[in-house]
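Enquirer: Generate a structure from the sequence data that follows.
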Amino acid sequence: MRKLILVGLTAALIPASAAEPAKTTEPNLRSWEQQHDKLKIRHSNRIFEDTSPQFITIPDPYPEARDFIVAETPPVIDFGLLEGIEPEYIDQAVNARSTPARGGWGDVSKGPDGAFYFAQGNHMSFDGGTAYVVRYDPHKRKYDIILDTKKLTGWGPDDYADGKLHGDLDTSPSGDMWLLSYFGPIPTEENWQKDYRGSWLMRLNVRSGEKENLGIALEGESWPYHNWDWRRNLLFGAGHRGNVFIYDTEHRQRLYAGAPPAGIIWNSRGIMIDHETGVIYTTDMATDPGPQHQFVKYERRNNTFTRMEPRMPPHLVTGKATRLRSHTRKDADGAFWCLDMGGALFKFYPAEDRVEPVGINWGREGKYVANMSMSPGGRYIYYLPGADRMAHEYGTPVVQYDTTNGTKKVLAFLKDYYLEKYGYLVLGTYGIELDEKGESLFFYVDGRFTPADRFNFGERRTGIFHLKIPVSERVE
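Expert: Alright, predicted model coming up:
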């Protein structure tokens, strides 16, 4: 039985990017994939091990700026396809009420059991919308789907379900993971009025397998981003319609739900937790009054929201300031390393109330990166430029950025090798994570069995990658 637990305010709708073009029908997709799946692996859960000099060979011709170096030693990479995401193919004539696009949109987290956790979904609403939590065990080289939100909530075919888990899957030492769901296709005005009630609050324990459905978090709101500070039992969600949801997970108590005060619109793609102080930061999306993209912070005591002094620095190439998108933890100097939506790299010093521009993450103008990971010693930042699924245009590089000298080093170009061997085109990723020693990098990708010149045709299939960084390439 469903349980409605929380009600709050709503703010003005914030536009989101358009969905992908509609897919073709099931028989055409099956035939297309069968043709391009060179080793017939699309229904296999096997994990393959690869290494090749091609990983450290710059694609020729190369269309972007060459302000990078390439690793001297190719990595060993474990690769496989994620099976079990339903439906495999979607006939738009049957599922006309949804906008399906299988894949993942959130970050990866390292669990207390040594496994990596990430989310996937089918981006559907009616007729079977659901999202999943997946565990990958790097030692057993095996994955399992450990949560299906449709089964947990009881969504039926006529319910406007949520087809995504879009935030961070932070996990406590005891194994708890707190989740807020997110719709797939944006509800129409009619959906808002009649069908869509709001997105859901859930708890999963990755050690015991215990699952809880705690109902709709805030009536009429959905959650494109959430983080959980398990050290302080504080769950923070940033809403599609401008609201925030702040919840004490220890006492099961809502601390705040609704629009922030003073006209602040919390960035729905940025929640930066300072694990030393518990203060949470982002950039303000409000356009009037006052300066745009101003840093704001939330402090739990008295539910205090404050506009800070710095604003997002202008992009060093385009000159335009955009909102915060991804960040690392704080380094030894007290700075978060951050990226804006256009790939401009900068440092944010919360204690000093200032920002410092650094450079561009890739190419001539920078590339969209949804998440990045910092090495244990703080010297390296890892990311895959091109979360917009266009990374194949410049070889799908896996980048190691050296914070001491600004060097960008490619650990592997993925596109050519996986396209030539498997017929699998690696498009881009939203989530990556290092292991606790900084020896390997795990990420999932959106990809397709298709030639590079037809990159937007076919069903997405999630690829799992575990890249073992050669010792000589990661000296701190």
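
Enquirer: Please name the nearest non-neighbouring residue to Glu212.
Expert: Of all residues not flanking Glu212 in the chain, Arg203 sits nearest, at 4.3 Å (Cβ to Cβ, 6 or more residues apart in numbering). C-beta coordinates here come from the backbone N, C-alpha and C atoms, glycine included.

Enquirer: which ones are touching that neighbour?
Expert: Asp176, Met177, Trp178, Leu179, Glu210, Lys211, Glu212, Leu214, Thr249 (Cβ atoms under 8 Å, 6 or more residues apart in numbering).

Enquirer: does the most centrally placed residue in the chain count as helix, strand or coil?
Expert: Centroid-nearest residue in the chain, with Cα atoms, centre = their mean: Gly106, separated by 2.5 Å. Under DSSP: H, G, I helix; E, B strand; the rest coil, Gly106 falls in the coil class.

Enquirer: close enough to count as contact, it and Ile432?
Expert: No - between Gly106 and Ile432 there is no contact under Cβ atoms under 8 Å: 11.3 Å.

Enquirer: hang on, the residue nearest to Glu212 in a helix?
Expert: No - judged by three-state DSSP, Arg203 forms no part of a helix; its state is strand.

Enquirer: So the residue nearest to the centre of the chain versus Val134, what's the distance?
Expert: Gly106 sits 11 Å away from Val134, taking Cβ to Cβ, to the nearest Å as the criterion.

Enquirer: Overlap in contacts, the two.
Expert: Joint contacts of Gly106 and Val134 (Cβ under 8 Å, 6+ apart) are Phe118, Ala119.

Enquirer: For Gly431, grab the count of nearby residues.
Expert: By other Cβ atoms under 10 Å, the residues close to Gly431 number 25.

Enquirer: Partner strands of the strand or helix carrying Val445 and their direction?
Expert: Applying DSSP states H and E as the criterion places Val445 in strand 440-449. Sheet pairing here is set by DSSP bridges, and for strand 440-449 it gives strand 424-428 (antiparallel), strand 432-434 (antiparallel), strand 461-468 (antiparallel).

Enquirer: How much space separates the residue nearest to Glu212 from Phe465?
Expert: 29 Å.

Enquirer: repeat for Tyr256
Expert: 38 Å.

Enquirer: Quick check on these two: which one has the bigger neighbour count.
Expert: Using other Cβ under 10 Å as the criterion, Tyr256 and Phe465 rank with Phe465 on top: 24 against 17.

Enquirer: residue ranges with poor pLDDT in the chain?
Expert: The model of the chain has pLDDT under 70 over residues 1-27, 90-100, 288-291.

Enquirer: let's see it at 50
Expert: 1-26, 93-95 (pLDDT under 50).

Enquirer: At which residues are the helices of it located?
Expert: For the chain, the helices defined by DSSP state H cover 26-36, 149-153, 189-190, 415-422.

Enquirer: Adding distance to Pro470, write those helices out as JSON lines.
Expert: Output for the helices of the chain, formatted as JSON lines (distance: least, Cβ to Cβ, whole Å):
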{"stretch": "helix 26-36", "distance to Pro470": "31"}
{"stretch": "helix 149-153", "distance to Pro470": "38"}
{"stretch": "helix 189-190", "distance to Pro470": "54"}
{"stretch": "helix 415-422", "distance to Pro470": "16"}
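
Enquirer: Dump those into JSON lines; add mean neighbour count as well.
Expert: Output for the helices of the chain, formatted as JSON lines (neighbours: other Cβ atoms under 10 Å):
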{"stretch": "helix 26-36", "mean neighbour count": "15"}
{"stretch": "helix 149-153", "mean neighbour count": "19"}
{"stretch": "helix 189-190", "mean neighbour count": "8"}
{"stretch": "helix 415-422", "mean neighbour count": "20"}
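
Enquirer: among the strands paired with strand 440-449, which is the most enclosed?
Expert: strand 424-428 (a mean of 26; mean count of other Cβ atoms under 10 Å).

Enquirer: which residues sit against that one?
Expert: Strand 424-428 is contacted by residues 37, 81, 384, 386-392, 396, 414-415, 418-419, 445-452, 455, 460-461, 463 when judged by Cβ under 8 Å, 6+ apart.

Enquirer: mind running it again at 7 Å?
Expert: 384, 386-392, 396, 414-415, 418-419, 445-450, 452, 455, 463 (Cβ atoms under 7 Å, 6 or more residues apart in numbering).
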